[in-house]
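1. mind looking at a prediction? Sequence and model below.
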Amino acid sequence: MTLQQLKYIIEVANRGSINEAAKRLFISQPSLSNAIRELEEEMAISIFERSNKGIALSKEGAEFLGYARQVVEQAELLESRYLNAKPSPQHFSVSTQHYAFAVNAFVSLVQEHGQDEYELALRETKTYEIIEDVKSMRSEIGILYLNEFNGQVIRKLLHAAGLQFTSLFTAEPHVFISVHNPLAKQSIVTIEQLQQYPYLSFDQGEYNSFHFAEEILSTLAHKKSIRVHDRATLFNLLIGLNGYTISTGVLSSDLNGNEIIPVPLDCEETINVGWISPRNMTLSKLGAAYIEALHRAIAAV
């Protein structure tokens, strides 16, 4: 096993394609494939699962990748310390439901740990895709919520994918509304009071199941309902249409301004927000730093 082979594995996992990785590494695809196969034979594991659709990390491969990243990071620290070598570009990706605190934490991560060169990704996306992203190691970390309604279904999917859920915080439900909404001055609102206003939710695409909804109480019927794909559109509609959405109440004005406010919702539900990652895999340096940034961002609200 060589350090170069470990770098090959990391690059292929980052790209999700041997073809793309070979281009980035400036080697031929057959040479890269042979190097990976030799490493798999030496380690007696299948790091990648191959199919007509391409390649994906196996469960063993996800665990191996965690160790590989640690070894490469330590080797680069040694080279930087004793050989004055230029660090290779940093790689990190996170997939998340549409949470402002996740963006705040990402900003902090880049400000504190960004080098001259880095390739980072923040994907605000659908619930099912978050699980798939972390399963395939397209993202190292995923952020989503569990509650009494969706918990059994989501935990079953996580278990089947070899992923684990770690709680960040538990919140009582709030609605996000415009400061100009007639309900903005109330200390608490009820579902009945919200009925006359447009209900905004994030579209989940082909997996538009109640269990994948980003909003709790997803089975309730609404007289006025609008689905959106991104947080900016949702916030614009909250202001322009006096709409509302149901979320955690964790909202920072630093990146989102003061036009949107959280108001407690009269509801006995709770929202357990946390992060998912492959079981038995140690986080990379940037992964661990991002989790720390998440805790700071949440505490600061």
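-> Here it is on my side, so go on.

2. now the host helix or strand of residue 92: average pLDDT?
-> Element membership for residue 92, per DSSP states H and E: strand 90-96. The average of the pLDDT scores along strand 90-96 is 90.

3. and the helices in the stretch 201-301 of the chain?
-> 231-240, 253-256, 285-299 (DSSP state H, counting those that start in this stretch).

4. the longest one to strand 90-96, inter-axis angle?
-> Helix 285-299 and strand 90-96 meet at an angle of 40 degrees, taking axes from the mean of the first three to the mean of the last three CA atoms, to 10 degrees as the criterion.

5. helix 285-299: which residues count as buried?
-> Neighbour-count burial for helix 285-299 flags 286, 287, 289, 290, 291, 293, 294, 297, 298 (criterion: 16 or more other CB atoms under 10 Å). Every residue, glycine included, has its C-beta placed from N, CA and C.

6. ditto for stretch 242-254
-> In stretch 242-254, counting by 16+ other CB under 10 Å, buried: 242, 243, 244, 245, 246, 247, 248, 249, 250, 251.

7. can I get those residues in a markdown table including pLDDT and distance to residue 47?
-> Listed next are the buried residues of stretch 242-254 as a markdown table, based on pLDDT from 0 to 100; distance: CB to CB, whole Å:
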| residue | pLDDT | distance to residue 47 |
| --- | --- | --- |
| 242 | 94 | 52 |
| 243 | 95 | 47 |
| 244 | 96 | 47 |
| 245 | 96 | 41 |
| 246 | 94 | 41 |
| 247 | 93 | 38 |
| 248 | 93 | 37 |
| 249 | 87 | 42 |
| 250 | 88 | 38 |
| 251 | 81 | 41 |
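
8. spatially, which two of the residues you listed are the most separated?
-> Distance extremes for the buried residues of stretch 242-254: the farthest pair is 242 and 250 at 22.0 Å, using CB to CB.

9. just checking: what are the partner strands of the strand holding residue 92?
-> Strand 90-96 pairs in its sheet with strand 118-124 (parallel), strand 141-146 (parallel), by DSSP bridges.

10. starting at the chain centroid, how far to stretch 112-126?
-> Centroid displacement of stretch 112-126 relative to its chain, using CA atoms, centre = their mean, to the nearest Å, is 12 Å.

11. now do stretch 188-208
-> Counting by CA atoms, centre = their mean, stretch 188-208 comes out at 23 Å from the chain centroid.

12. list of residues touching that stretch?
-> The contact list for stretch 188-208, computed with CB atoms under 8 Å, 6 or more residues apart in numbering, reads 97-98, 126-129, 175, 177, 181, 183, 186, 212-215, 217-218, 220, 222-229, 234, 237-238, 241-245, 263-267.

13. quick one: which of these sit in strands?
-> 175, 177, 225, 226, 227, 228, 245, 263, 264 (DSSP state E).

14. mind checking pLDDT for the fifth one?
-> Think residue 227. 94.

15. and it, how many residues sit next to it?
-> 12 (other CB atoms under 10 Å).

16. residue contacts, it?
-> Contacts of residue 227 (CB under 8 Å, 6+ apart): 200, 201, 202, 203.

17. likewise for the first one?
-> Listed by CB under 8 Å, 6+ apart, the contact set of residue 175 reads 183, 189, 194, 244, 245, 246, 247, 262, 263, 265.

18. columns distance to residue 40 on top of these, output as a markdown table?
-> A markdown table is the format used below for the contacts of residue 175 (distance: CB to CB, whole Å):
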| residue | distance to residue 40 |
| --- | --- |
| 183 | 59 |
| 189 | 57 |
| 194 | 55 |
| 244 | 52 |
| 245 | 46 |
| 246 | 46 |
| 247 | 44 |
| 262 | 50 |
| 263 | 54 |
| 265 | 51 |
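
19. cool, thanks, talk later.
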